[in-house]
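>>> sequence and predicted structure, then a few things I'm wondering about:
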Amino acid sequence: METRTLDISEAEIRTALSECVGTLLLVFFGVGSAVLGARYLGTTGIALAFGFTMVGLSYALGRISGCHLNPAITLGVLMARRIELRTAIEYWIAQIVGAIVGAALLFLVAKQVPDLKTSGAFGSNGYGDRSAVSMDAGGAFLAEVVLTFLLVFVFLSVTQTVLVGGFDPLPIGLTLAVVTMVGVPLTGASVNPARSLGPGIFAGGDAMAQFWLFLIAPLVGGALAALVHQYIHAQTADETAEATPRTAGPGRAGPGRG
């Protein structure tokens, strides 16, 4: 019987590691701002922490993996046919692992702060009595879809070129800051299933019971953003395809690129 081996290139390892480390840092600093500094930073400070972290990571990792750091963004990029399914799966695994490790590191740091409660909330997302405005499941689902739609739509729109570079990270980071600012009072602002899963595991209880919404809604928002972007930017995409040869995956022209 012939044994088939999985051929994983060095470029694929680099891009997956980029997504893992990037998601780890986004969770640690973004969610960390809510867990460790909410009383000092407020909603605006938390939103800026997410946004500024995304800007920095986009400059650092954008030319390696496209700096998705979010399964919803990866889904949008996949539906835009910029990466293959195998690459998307690698990204999703890396993002989930990174989010869990980032949340674990944050949990260890939080445990060193006297009287800081780490169970129940811990920067997780929620609806009903876990929402600051007591938003029900239907409202939370709609909010997450719309907020994620904006984030993924902007990401796809500003990454039309081969590489994520120049000023591309600025609108991406600013958009993440805006959706976080709006979303924190509603649901805690997920727009990212990996970001919800990591802290949710350590928060436990209702955080994981309600995780289904923060898995499905952002993916729906990301898929809708990809469909709308594909229609609105059809001419731009055709022009880009003529100017840039289409490649199979990361390490060639790179994911998250037009």
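Okay, I see it.

>>> what sits against G221?
With contact taken as Cβ atoms under 8 Å, 6 or more residues apart in numbering, G221 is in contact with 72, 144-149, 151-152, 191. C-beta coordinates here come from the backbone N, C-alpha and C atoms, glycine included.

>>> 6 Å - rerun?
Shown in contact with G221 (Cβ atoms under 6 Å, 6 or more residues apart in numbering): 145, 148-149.

>>> now do it, the pLDDT please.
According to the prediction, G221 has pLDDT 98.

>>> what's the helix or strand for the nearest residue to E144 once chain neighbours are set aside?
Distances taken as Cβ to Cβ, 6 or more residues apart in numbering place A217 nearest to E144, at 3.6 Å, with adjacent residues excluded. Assigned by DSSP states H and E, A217 falls within helix 211-232.

>>> just V113 next, same as before
Assignment of secondary structure by DSSP H and E places V113 within no helix or strand.

>>> now do the phi/psi pair for it.
phi -90, psi 120 (degrees, to the nearest 10).

>>> what number of residues lie near it?
As a burial measure, V113 scores 11 neighbours (other Cβ atoms under 10 Å).

>>> burial check on the nearest residue to it once chain neighbours are set aside, number of neighbours?
Nearest residue to V113, sequence neighbours excluded (Cβ to Cβ, 6+ apart): L36, at 6.9 Å. Applying other Cβ under 10 Å, we find 17 other residues in the vicinity of L36.

>>> and L36, what element?
Per DSSP H and E, L36 falls inside helix 32-61.

>>> for that helix, packing partners?
helix 10-26, helix 169-187 (3 or more Cβ pairs under 6 Å, 6 or more residues apart in numbering; DSSP states H and E).

>>> and the shortest one, C-alpha only, in CSV?
Extracted in CSV, the C-alpha atoms of helix 10-26 (Å, rounded to 0.1, in the frame of the first residue of the first chain):
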residue,chain,number,x,y,z
GLU,A,10,8.6,26.3,4.2
ALA,A,11,6.5,29.2,2.9
GLU,A,12,3.3,27.6,4.2
ILE,A,13,4.9,27.1,7.6
ARG,A,14,5.9,30.7,7.7
THR,A,15,2.5,32.0,6.8
ALA,A,16,0.7,29.7,9.3
LEU,A,17,3.2,30.8,12.0
SER,A,18,2.6,34.4,11.1
GLU,A,19,-1.2,34.0,11.6
CYS,A,20,-0.7,32.1,14.8
VAL,A,21,1.6,34.6,16.4
GLY,A,22,-0.4,37.5,15.1
THR,A,23,-3.7,36.2,16.5
LEU,A,24,-1.9,35.4,19.8
LEU,A,25,-0.7,39.0,20.1
LEU,A,26,-4.1,40.5,19.0
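
>>> and it, which residues are buried?
Neighbour-count burial for helix 10-26, counted by 16 or more other Cβ atoms under 10 Å, picks out 12, 15-16, 18-26.

>>> contact partners of that helix?
Under the contact criterion Cβ under 6 Å, 6+ apart, helix 10-26 has outside partners 53, 57, 61, 64-65, 67, 69, 90-91, 94-95, 97-99, 101-102, 194, 250-251.

>>> repeat for stretch 61-79
Counting by Cβ under 6 Å, 6+ apart, 15, 18-19, 22-23, 26, 57-58, 83, 88, 91-92, 95, 148, 152, 155-156, 163-164, 192-194, 218-219, 222, 225-226, 254-256 sit against stretch 61-79.

>>> pLDDT (mean, whole number) over that stretch?
The model assigns stretch 61-79 a mean pLDDT of 94.

>>> start the count at 461 instead of 1 going forward.
Done: numbering now begins at 461, and the last item shifts to stretch 521-539.

>>> distance between the ends of it?
Using Cα to Cα, to the nearest Å, the end-to-end distance of stretch 521-539 comes out at 22 Å.

>>> mind listing what's buried along it?
Neighbour-count burial for stretch 521-539 flags 521-539 (criterion: 16+ other Cβ under 10 Å).
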